[in-house]
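A.B. asks: Give me the fold of what follows.
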Amino acid sequence: MSLIANADQAKRLARAIISDIAIYNREKVEQGIKGDSIFELLAEEIEEGRQHFVSRVTPDLATTRIFDIALVDVLIKRAGKIESAIW
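C.D. replies: As a prediction, this is how the structure comes out:
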């Protein structure tokens with residue numbers, strides 16, 4: 001399998017990985033948003049997702065903020081409907 005060298009494809013990959021994390025961990029996402037502890041609750045899943053992302057993209061894309069931006073866009077912004085003191 002060849003590494004992804006295109007930034008747009010890398011962004012799509014990051015968003016897909018984080019979408020899977022959100023889908024398979026809905027309760028943790030909700031609990032983490034409500035308690036402002038989402039990154040602590042999902043630390044293992046996020047790190048596993050990050051490692052998967054890094055393994056699939058070229059080194060220059062792996063060192064960008066693509067994964068982190070997707071993390072906020074997918075995991076946090078989509079959870080905006082959950083009641084929380086952080087909003």
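A.B. asks: Quick one: residues in contact with the longest helix belonging to the chain.
C.D. replies: Longest helix in the chain by number of residues (criterion: DSSP state H): helix 7-24. With C-beta atoms under 8 Å, 6 or more residues apart in numbering as the test, helix 7-24 has contacts from 4, 29, 42, 45-46, 49, 52-53, 56-57, 61, 64, 66-67, 69-71, 73-75, 78-79. All C-beta atoms are positioned from the backbone trio N, CA, C, and that covers glycine.
A.B. asks: what's the weakest-modelled helix or strand in the chain?
C.D. replies: helix 26-34 (a mean of 90; mean pLDDT, DSSP states H and E).
A.B. asks: Flag every buried residue along that one.
C.D. replies: By 16 or more other C-beta atoms under 10 Å, the buried positions in helix 26-34 come out as 28-30, 32-33.
A.B. asks: Please apply the same query to stretch 61-71.
C.D. replies: 61-62, 66-67, 70-71.
A.B. asks: measure it end to end?
C.D. replies: Separation of the first and last residues of stretch 61-71 by C-alpha to C-alpha, to the nearest Å is 15 Å.
A.B. asks: Quick one: mean pLDDT for it?
C.D. replies: Mean pLDDT, computed over stretch 61-71, is 97.
A.B. asks: Fine, thanks again, bye for now.
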